[in-house]
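> Sequence and predicted structure are below.
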Amino acid sequence: MDIAGFDDCRVLVIGDLMIDEYVWGNVERVSPEAPVQVVSVLRDSVTLGGSGNVVNNLVALGAQVAVAGVIGAGANGDLLTRMFESRSVDVAALIRDPARQTTRKTRIIGGHQHVLRIDRETTQPISSDHHHRLVVCLEDKLDCVDIVLISDYGKGLLTRALLRDVIDAVRRRKLPVIVDPKGLDFTKYAGATAITPNKREASLAAGIEVVDFETLTAVGTKLLQDTAVETVLITCGKEDMVLFQPDTPPYRIPPRARQVFDVSGAGDTVLAVLGLAVATGHPFPEGAALANAAGGIVVGKVGTATVSREELQAAMDETTDFLTAKKRTMQDLVPLVDRYRAQGRTVVLTNGCFDLLHVGHVKFLAASRRMGDLLIVAVDDDASVQTLKGPGRPIIGAEQRLRIISALDSVDYVMLFSADQLESVIDALRPDILTKGSNYTCDQVLGKEAVERLGGQVVLIPITEKISSTGVIDQIRQGKGA
């Protein structure tokens, strides 16, 4: 499927908007005031949450996005608005209510543990005044979009009355409207083009326990009949998706995820990608397959994440190599590592030239991976290799070295860096372990002080193979066997 048309797609997202905040720190003691941990804060970060994550996914895929909702008028509302504007999102239909809090979920991460979550939110239904103001704003926006996506997080925006007005207005313009639903009564979404509940949501709404494909089919069929929507797409987490449409057998889309770390936010990605596919003229089975591929990508990441166009195109291309799935920038890796660490998992970092991979490298990387739960390999760029190894190096260019390293099962992610950036990489990723071969001493390991300053450690992996890339290259140049 060609996704180039996403650039021209204009999407309106309506839903409960929120800020996801993460406070990262170390835990070294228990408070003398109460039996609770004391978290020494190192840094914090914020991202778009709730329906904002749908917006994030759409922007990452190149779409033109407008957002509609009701938020507070205070500092959190200001921050949320700035976050949208920094992504070139149209906020003209974003209504500020001085009497309402902007939802902000704060997660306290101490060391390797998720210590606490603090929710600041209002879940009361919006006022009739804001209902009417929002409908007026939407009437203006609907003539300028290709599709409407409704993301319901149950925070009081999407009342039955507002949903009725919105869906009716969208259908009068013959636009598709797709809903990610919430709650037990899906009849409030009547008239929608499609709804995308997960298996648990669908089971509760239909009143049928899902134990096998037969009962899942009964759930999908009942929702299709009772809710007066045209299509029901039930997502089943790391399993398959099943598409239900009138007078058509259930259509199963097999799972695409190779590994599952975290399913949070996957529903937002499915809604965004399915919406873009439908808006660009693809039938629902094709759109569902594309959304399934996108969901398979994001559940392979840690925490709420988005999918890029390159990742999505590669997932649909059976000839893709490992590099597309594993190559990341340092900016990509920071939130991934943070969320991985918040789950209590150990992050391992190693670095090197890897110019002519040999069996010693393979064993070293496999041993490094066994030291933790995630192995990131930082590969020196060509200029660094030349500086470190001398004229005529590297033998193999950076992109090819990244591709070769990515093909190893022991390696989770690769990144390209310059040797003089190692301390910056360590400061950003804060690895629990930095590995080097036992042909070094601890004092010779670059980055040792930075790792230990951040609470990590250097581990020397025993080198059992008497082989080196430089030695092999010299033998080849001399016409000898390696």
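Received the coordinates, thanks.
> what's around Ile426, how many residues?
Around Ile426 there are 23 other residues, counting by other C-beta atoms under 10 Å. Any C-beta I mention is one placed from the backbone N, CA and C, and that applies to glycine too.
> That one touches Asp432, doesn't it?
No: counting by C-beta atoms under 8 Å, Ile426 does not reach Asp432; the two are 11.3 Å apart.
> Let's see the distance spanning stretch 371-389 from one end to the other.
28 Å (C-alpha to C-alpha, to the nearest Å).
> Ala450 is in what secondary structure piece?
In this structure, Ala450 sits in helix 448-453 according to DSSP states H and E.
> Give the pairing partners of the very next helix or strand once past that helix; include direction for each.
Stepping forward along the backbone from helix 448-453, the first helix or strand reached (DSSP H and E) is strand 457-461. Partner strands and pairing direction for strand 457-461 (DSSP bridges) are strand 433-437 (parallel).
> what residues does the partner strand touch?
Identification of contacts with strand 433-437 by C-beta atoms under 8 Å, 6 or more residues apart in numbering yields 346-350, 360, 364, 367-368, 371-372, 426, 445, 447-448, 451, 456-461, 463.
> change it to 7 Å
Contacting residues not belonging to strand 433-437 are listed as 346, 348-350, 364, 368, 371-372, 445, 447, 451, 456-461, 463 [C-beta atoms under 7 Å, 6 or more residues apart in numbering].
> Just the buried residues out of the residues you listed, in PyMOL syntax.
Buried residues within those, as defined by 16 or more other C-beta atoms under 10 Å, are selected in PyMOL through the command that follows:
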select buried, resi 346+348+349+350+364+368+371+372+445+447+451+456+458+459+461+463
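> Tell me which stretches of the stretch 251-400 of the chain form helices.
Assigned by DSSP state H, counting those that start in this stretch, the helices in the stretch 251-400 of the chain fall at 266-279, 284-298, 309-316, 322-326, 330-342, 359-369, 382-389, 398-406.
> mind listing the strands for the stretch 101-250 of the chain?
Taking DSSP state E, counting those that start in this stretch to define them, one finds strands in the stretch 101-250 of the chain at 103-110, 113-120, 147-151, 177-180, 194-195, 231-235, 241-244.
> Now those strands in CSV, please, with extra columns for mean pLDDT, distance to Asp338 and mean neighbour count.
As requested, those are exported to CSV (pLDDT from 0 to 100; distance: least, C-beta to C-beta, whole Å; neighbours: other C-beta atoms under 10 Å):
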stretch, mean pLDDT, distance to Asp338, mean neighbour count
strand 103-110, 90, 7, 20
strand 113-120, 87, 11, 13
strand 147-151, 97, 24, 27
strand 177-180, 97, 26, 28
strand 194-195, 97, 33, 26
strand 231-235, 94, 26, 26
strand 241-244, 92, 29, 24
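> can I get those in JSON lines with distance to Val54?
What follows is these, written out as JSON lines (distance: least, C-beta to C-beta, whole Å):
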{"stretch": "strand 103-110", "distance to Val54": "15"}
{"stretch": "strand 113-120", "distance to Val54": "20"}
{"stretch": "strand 147-151", "distance to Val54": "5"}
{"stretch": "strand 177-180", "distance to Val54": "8"}
{"stretch": "strand 194-195", "distance to Val54": "14"}
{"stretch": "strand 231-235", "distance to Val54": "14"}
{"stretch": "strand 241-244", "distance to Val54": "17"}
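> Indicate which one of those is closest to Thr306.
Of all the strands of the stretch 101-250 of the chain, it is strand 147-151 that lies closest to Thr306, at 14.4 Å by C-beta to C-beta.
> Output that closest one in PDB with nothing but the alpha carbons.
Taking Å, rounded to 0.1, in the frame of the first residue of the first chain, the C-alpha atoms of strand 147-151 are listed here in PDB:
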ATOM      1  CA  ILE A 147     -12.200  12.500   7.900                       C
ATOM      2  CA  VAL A 148     -13.100  12.900  11.500                       C
ATOM      3  CA  LEU A 149     -11.600  10.800  14.300                       C
ATOM      4  CA  ILE A 150     -13.300  10.700  17.700                       C
ATOM      5  CA  SER A 151     -11.100   9.500  20.600                       C
END
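> Contacts for that strand next, please.
11-15, 51, 54, 158, 170, 175-180, 268, 271, 275, 278-279.
> Off-centre distance for that strand?
Taking C-alpha atoms, centre = their mean, to the nearest Å, one finds strand 147-151 lying 20 Å from the centre of the chain it belongs to.
> likewise stretch 96-114?
Relative to the mean C-alpha coordinate of its chain, stretch 96-114 is positioned 19 Å out (C-alpha atoms, centre = their mean).
> What are the contacting residues of that stretch?
The contact list for stretch 96-114, computed with C-beta under 7 Å, 6+ apart, reads 16, 18-27, 37, 39, 49-50, 70-74, 76-77, 80, 115-122, 130, 155, 341-342, 344.
> what's the answer for stretch 446-461, then?
With contact meaning C-beta under 7 Å, 6+ apart, stretch 446-461 is reached by 26, 364, 367-368, 371, 422-423, 426-427, 430-438, 440, 442, 445.
> change it to 8 Å
Counting by C-beta under 8 Å, 6+ apart, the neighbours of stretch 446-461 from elsewhere in the structure are 26, 351, 364, 367-368, 371, 419, 422-423, 426-427, 430-438, 440-442, 445.
> what's the answer for stretch 400-413, then?
In this structure, residues lying in contact with stretch 400-413 by C-beta under 8 Å, 6+ apart are 321-323, 325-328, 333, 336, 353-355, 357, 362, 365-366, 368-369, 374-377, 379, 394, 396, 414, 416.
> out of those, which are buried?
Burial by neighbour count, judged by 16+ other C-beta under 10 Å, picks out 322-323, 325-328, 333, 336, 353-355, 357, 365, 368-369, 374-377, 379, 394, 396, 414, 416 from the contacts of stretch 400-413.
> Near Val135, how many other residues are there?
When neighbours are defined as other C-beta under 10 Å, Val135 has 15 of them.
> Domain ranges for this structure, per the record?
The chain resolves into domains spanning 4-320, 330-477 when parsed by automatic domain parsing.
> does the closest residue to Thr221 other than its chain neighbours have beta-bridge partners, and which?
By the measure of C-beta to C-beta, 6 or more residues apart in numbering, the closest residue to Thr221 outside its immediate chain neighbours is Phe244, 6.5 Å from it. Taking DSSP bridges, one obtains Val232 as the residues bridged to Phe244.
> I'd like to know which helix or strand in the chain has the lowest mean pLDDT.
Sorted by mean pLDDT, DSSP states H and E, the helices and strands of the chain end with helix 322-326, the least confident at a mean of 65.
> Distance-wise, check the residue nearest to Ile118 when sequence neighbours are not counted relative to Ala293.
Computed as C-beta to C-beta, 6+ apart, the closest residue to Ile118 that is not its neighbour in sequence is Thr106, at 4.3 Å. Here the distance between Thr106 and Ala293 works out to 33 Å (C-beta to C-beta, to the nearest Å).
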